[in-house]
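Student: Have a look at this prediction, sequence included:
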Amino acid sequence: MRTTNHVVRKRLFIALLLGLLLFGALLARLGYVQLVRGPWLQEKAEELWTRDIPFEGNRGRILDRNGKVMAYNISAPSVLAIPAQIKDPKVTARALAQILLAPEDKIFQLITKRELIVRINPYGRKLSEERAKAVHDLRLPGIAIAEDNKRYYPMGTMAAHILGFAGIDNQGLAGLELVYDKRLQGKRGHVSYSANAKGERLPGSADQYTPPTDGLDLELTLDKSIQAYIEREMDQAMAQYQAENIMVIAMNPKTGEILGMGSRPTFHPSDFRKVDPLIYNRNLPIWRTYEPGSTFKIITLAAALEEKKVNLGSYFYDPGYIKVAGARLRCWKHGGHGSETFLEVVENSCNPGFVTMGQRLGEEKLFSYIRKFGFGEKTGIDLNGEAKGILFTPEQAGPVELATTSFGQGVSVTPIQQVSAVAAAVNGGKLMQPHLEKAWINPDTNKVVEEIRPQLKRRVISESTSEQVRTALESVVARGTGRKAFIDGYRVGGKTGTAQKVGPDGRYMKNNHIVSFIGFAPADDPQLVVYVAVDNPKGVQFGGVVAAPIVKEILGDSLRHLKVPKRKKQISPENSPLEAPIITIPNLVGSDLDELRTSLEDIELQVRGKGNKVISQTPKPGQRVKKGTPIRIYLGDQ
Amino acid sequence: MPDLHTRRSPDFIIIIVIMMLLTLGVVMVYSASAAYSLHKFGDSFFYAKRQLLFAGVGVFLMFLVSKMDAKLFRLWAKPLLIICFILLVMVLIPGLGILRNGARSWLGIGAFSIQPSEFTKLAVIFFLARYLSRRAGEIQTLRYGMMYPLGIAGSAFALIMMQPDLGTGTVMMGTAIVLIYIAGARMKYLAALMGLGMAGFAGLVLAAPYRIKRITAFLDPWQDPLNAGYQIIQSLFAIGPGGLMGLGLGMSRQKHLYLPEPHTDFIFSILAEELGFIGAGTAIILFAILIWRGIRVAITLPDMFFSLIAAGVTGMIAIQAVINIGVVSGAFPVTGITLPFLSYGGSSLTLTLVAVGILLNLSRYTDG
């Protein structure tokens, strides 16, 4: 044999060893994939092999605090197509198109999609029972009728911004429907089956059914009756004043529970598609920020009382203005209120008096109370889109800023902030968390699964300070600028406000105000705080004239509905209705309109003509008339 | 060569192993293709019947070849290669070559078509065995030990890649290099060849970076589960859930159209899924036994030409099996290559059996 054969044999042997090594490696790799990675691969592959046909759970209902239904589901079946199982798409499309009154080519496109399950959107969604039955009776292979629901809002536009709405696939899109979507939705169930790569059912494979879980019912703090009063009053006021917006909040001051809340313009939750999204996206009572005006004086008062910087019985002299850092800040009343007690300062809503309170507190204390009352931060109410408002920062706050803040100018707040702050001022001093969620109820057992307890955010003022504030504000209604909110026996307290609006250019707008009133009752044990703000009412109007009567209506109806007993003792109104007091008509001729607005909080004006200045008035100045007689003014430009 | 006149009986172990692999193959082709062929032809036995026929023809040819006079192999070596080169050129001509799955690899009409590249594998083994045994004295030189034999194999590779058929080309080239190594070429040159190969690969990747994605997809197929990683994932979804014992014969889920053509390149995945680690491991061990017996034949043959032919045939089957199993188990990048004896395919099965027939033939001349 040749010598090379020795090399060849050696190399053959090495090749054999290498070959066997490679096969050993393959065996190891096989073992790794099958024995080590097997379970993981099995799990991953399981997703591939099984196909799910989903079953929706019922969306939870939304109830008011007394169990009245505000949103529920009505049965509305939908058509499902399983394209892999459709034998003849053409015939199927034609038959479906006839019943669903839809274009045949669209249906054909949908049912020939390369998807596991196709919903016939929108033609085959949320059908009437008859139409669904007609589809079912065709018994088309690959076409199924799935139980489906349609959200229904039986109260129409009532509480639309609070409830929001849910979309076609049981998904919350706005309002509480969105905030609590997860819990309302429940859990989707499904039927699983094994399928080949084309989605066809494997012969002999067993189905697995996982039932859906219904969503929980949500009970709200809302009281449907109180909400109805609010809606009624808003509609009336819109008709009467043709305002841009109206915002109303009714809250239980002790718990922070929202009993009613609404705004205009509004929308119908079932028809949200036809509405400008700005209308449903802006929930004005929590979104809108503006200068509160005089209602904010309650905060100044509470702070000054708590810090013992003021005694309601002590005297103050109002010359009609107050000088701050060289600037003259005028009182709304020409010539001022003269000598008055601080209680009268509150009753008269006297600006120099409140500036004095603010000055006595000092910038740091006043702003610290404002923040403690919850301004400058979100209240955390369980709705989306809440605003924070704007306060002066410590660097910005000079003497003038301190002074204007004392009577509610130069700060920007939301209605909900005002309501929860005033609630804290009158409920004994506790800032409560405003909320709408009251309880979650299992729809099957009707048992409460979870109850939401009132939540104290912090104590702001003492019980006794709060009592003084209540008394002072009751006095405002009984004897001061809030007379139009007086309800005999219910001891209403409250405060008017006229807020100036800031225009797009950053300046105050002319002839455009938000007039408001915040009221509560009964003053000895407040059960309800009601805030009403009317944005830009037609004509020259004041909070005391426009908003106070609305608060009175809502408070009166609500207290009766809540069966709050009438009180025997109350601060007697300045005058009994029978003998209306006689007042002297002030001279308005020559005043300009904006001046009037901030100066006459409780006189009804009837405007004639157009312009910025008053050129004439009846009754004439100096005439003595019964209080409550409207003054007719004639406007012109000079 | 006096020993060549004393014939013994062929290697019985090889015959047993081949019969076992073939049986397993027909059963698995049936099981793997049943759903697919029912879907495609309305007959779940479509592929199984054909595979059984090919196996029968192949086994007949195997025994026929095993009884031939081995001296003829030396005469065939050159003309066989020339014929194959002619066929390889013909197959590239549109109209003559039939285009299937994007490659022009088939010649002939319908069921009577052949793949010249399959025959080329065998022809190159024959030719190189003849050449290298004749040049045994100069095997250490660069020219006769490397350049010429590589040139021949490289031209065949180039023609095959023009179809293109990377799988067959790789197996053919790999077999050629194994033969050159066994014949005794200098290790220095072989190392240089390896370096050159790597540089060429790097060049290809740099020239078209998208390739690297296809090539590296096997490392983490889940990065691109729908494209580059799809086949690997589907294959792993078959092999992994098979576990130790398998789902049982016929119980594969991945054959239900998840794995493309589960009876050809991915038959091993279905085997692993249905018969588990025990079944698939047995197949690997059967291949290992075949390699052992084949190399044993090569080592004990007294003539270098025959020795190289035996080694070439064994190496060809080994390389093909290693690549196929490596690919389907996610150890190598995807290359379209069938598993000898198990995968469906007439041309390749009969040819492989003919190759085994040659091995059996030679096993009768061993002196060990």
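Tutor: Right, received. Where do you want to start? Residues are numbered from 1 along each chain as shown, chains lettered A, B, ... in the order given.
Student: so where's chain A uncertain?
Tutor: Residues of chain A that meet the criterion pLDDT under 70 lie in A:1-4, A:54, A:197-207, A:540, A:574-582, A:597-602, A:638.
Student: by contact count, what packs against whichever strand or helix holds A:L431?
Tutor: Under the criterion of DSSP states H and E, A:L431 resides in strand A:430-432. For strand A:430-432, the packing partners by 3 or more CB pairs under 8 Å, 6 or more residues apart in numbering or on different chains; DSSP states H and E come out as helix A:415-426, strand A:456-459. Placement of C-beta: from N, CA and C, glycine included.
Student: What residues sit buried inside the last one?
Tutor: Along strand A:456-459, the positions that meet the burial threshold by neighbour count (16 or more other CB atoms under 10 Å in any protein chain shown) are A:K457.
Student: Only the C-alpha atoms, please, for the following helix or strand past it, written as CSV.
Tutor: Remark: after strand A:456-459, the chain's next helix or strand is helix A:463-479, criterion DSSP H and E. Extracted as CSV, the C-alpha positions of helix A:463-479 are listed here (Å, rounded to 0.1, in the frame of the first residue of the first chain):
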residue,chain,number,x,y,z
GLU,A,463,-65.5,75.0,64.0
SER,A,464,-66.2,78.3,65.6
THR,A,465,-64.8,80.4,62.8
SER,A,466,-66.9,78.4,60.4
GLU,A,467,-69.9,79.2,62.5
GLN,A,468,-69.2,82.9,62.3
VAL,A,469,-68.8,82.7,58.5
ARG,A,470,-72.2,80.9,58.3
THR,A,471,-73.8,83.6,60.3
ALA,A,472,-72.3,86.4,58.4
LEU,A,473,-73.3,84.8,55.1
GLU,A,474,-76.8,84.2,56.3
SER,A,475,-76.9,87.8,57.1
VAL,A,476,-75.8,88.7,53.5
VAL,A,477,-78.9,86.9,52.3
ALA,A,478,-81.2,88.1,54.9
ARG,A,479,-80.1,91.8,54.9
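Student: which helix is the longest one in the chain?
Tutor: Because you didn't say which chain, this covers chain A. Under DSSP state H, the helix in chain A containing the largest number of residues is helix A:4-31.
Student: Let me rephrase: I mean chain B.
Tutor: In chain B, assigned by DSSP H, the helix with the most residues is helix B:267-300.
Student: residues contacting the residue of chain B found nearest chain A?
Tutor: Minimum separation of chain B from chain A (CB to the nearest CB) falls at B:G240, amounting to 2.7 Å. Contacts for B:G240 (CB atoms under 8 Å, 6 or more residues apart in numbering or on different chains) come out as A:V33, A:Q34, A:R37, A:G38, A:W40, A:L41, A:Q42, A:A45.
Student: Tell me which of those residues fall in helices.
Tutor: Per DSSP H, the subset of the contacts of B:G240 in helices is A:G38, A:W40, A:L41, A:Q42, A:A45.
Student: how close does the second one get to chain B?
Tutor: Taken as CB to the nearest CB, to the nearest Å, the spacing of A:W40 relative to chain B amounts to 7 Å.
Student: what residue ranges in the stretch 101-250 of chain B score low on pLDDT?
Tutor: Within the stretch 101-250 of chain B, the stretches with pLDDT under 70 are B:110-111, B:208-211, B:214, B:226-227.
Student: Residue numbers of it in contact with chain A?
Tutor: When proximity is defined as CB under 8 Å from any CB of the partner chain, the stretch 101-250 of chain B approaches chain A at B:136-137, B:139, B:178, B:181-184, B:236-237, B:239-244.
Student: now do 7 Å
Tutor: Neighbours of chain A within the stretch 101-250 of chain B, by CB under 7 Å from any CB of the partner chain: B:136, B:139, B:178, B:181-184, B:236-237, B:239-244.
Student: any idea where the strands of the stretch 301-450 of chain A begin and end?
Tutor: A:315-318, A:321-324, A:327-330, A:338-341, A:430-432, A:437-441, A:448-451 (DSSP state E, counting those that start in this stretch).
Student: Run me through the strand neighbours of the third one, direction for each.
Tutor: The partner list of strand A:327-330 in its sheet, established with DSSP bridges, is strand A:321-324 (antiparallel).
Student: What are the buried residues along the partner strand?
Tutor: Quick answer for strand A:321-324 (16+ other CB under 10 Å): A:Y321, A:I322, A:V324.
Student: Chain B: which of those residues is nearest?
Tutor: When the buried residues of strand A:321-324 are compared against chain B (criterion: CB to the nearest CB), the nearest one is A:V324, at 69.8 Å.
Student: re the thing from before, I'd like the buried residues of strand A:321-324 laid out as a markdown table, including distance to A:S339.
Tutor: A markdown table is the format used below for the buried residues of strand A:321-324 (distance: CB to CB, whole Å):
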| residue | distance to A:S339 |
| --- | --- |
| A:Y321 | 15 |
| A:I322 | 15 |
| A:V324 | 21 |
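Student: coming back round to it: are any of the ones in helices among the contacts of B:G240 buried, and which?
Tutor: For those, buried by 16+ other CB under 10 Å: A:G38, A:L41, A:A45.
Student: A:L562 reaches A:A521, doesn't it?
Tutor: No - using CB atoms under 7 Å as the test, A:L562 is too far from A:A521 to be in contact (10.4 Å).
Student: Quick check: neighbours shared by the two?
Tutor: Shared contacts of A:L562 and A:A521, defined by CB atoms under 7 Å, 6 or more residues apart in numbering or on different chains, are found at A:Q527.
Student: what about the two, which has more around it?
Tutor: A:A521 (30 against 14; other CB atoms under 10 Å in any protein chain shown).
Student: follow-up on the earlier one: what's the most buried one of the strands of the stretch 301-450 of chain A?
Tutor: Neighbour counts (mean count of other CB atoms under 10 Å in any protein chain shown) averaged over each of the strands of the stretch 301-450 of chain A peak at strand A:430-432, with a mean of 22.
Student: who touches A:N442 in this structure?
Tutor: A:L216, A:V449.
Student: Now do the contacts for the residue nearest the centre of chain B.
Tutor: Central residue of chain B (CA atoms, centre = their mean): B:Q320, 3.7 Å from the mean position. With contacts defined as CB under 7 Å, 6+ apart, the neighbours of B:Q320 are B:V171, B:I337, B:P340.
Student: my guess is the second one contacts B:G167, does it?
Tutor: Yes - in terms of CB under 7 Å, B:I337 counts as a neighbour of B:G167; the distance is 3.6 Å.
Student: out of those two, which sits in the busier spot?
Tutor: Relative neighbour count places B:I337 above the other of B:I337 and B:G167, with 27 against 21, counting by other CB under 10 Å.
Student: For B:G229, see how far away B:S235 is.
Tutor: Separation of B:S235 from B:G229 (CB to CB, to the nearest Å) stands at 10 Å.
Student: next one: A:E231
Tutor: Going from A:E231 to B:G229 by CB to CB gives 60 Å.
Student: ok, now B:M194?
Tutor: 28 Å.
Student: Show residues contacting the helix or strand that B:L64 is a member of.
Tutor: Here B:L64 sits within helix B:46-67, counting by DSSP H and E. Helix B:46-67 has contacts (CB under 7 Å, 6+ apart) with B:10, B:22, B:25-26, B:29-30, B:33, B:37, B:263, B:344, B:346, B:349-350, B:353-354, B:356-358, B:360-361.
Student: Tell me how far stretch B:169-182 lies from the chain's centre.
Tutor: Put simply, stretch B:169-182 sits 12 Å off its chain's centre (CA atoms, centre = their mean, to the nearest Å).
Student: can you list the domains in chain A?
Tutor: Split into domains by automatic domain parsing, chain A comes to A:51-217, A:224-561, A:582-636.
Student: for A:T405, what are its contacts?
Tutor: A:G358, A:L366, A:F392, A:V411.
Student: Quick one: neighbours of the first one, just the number.
Tutor: When neighbours are defined as other CB under 10 Å, A:G358 has 27 of them.
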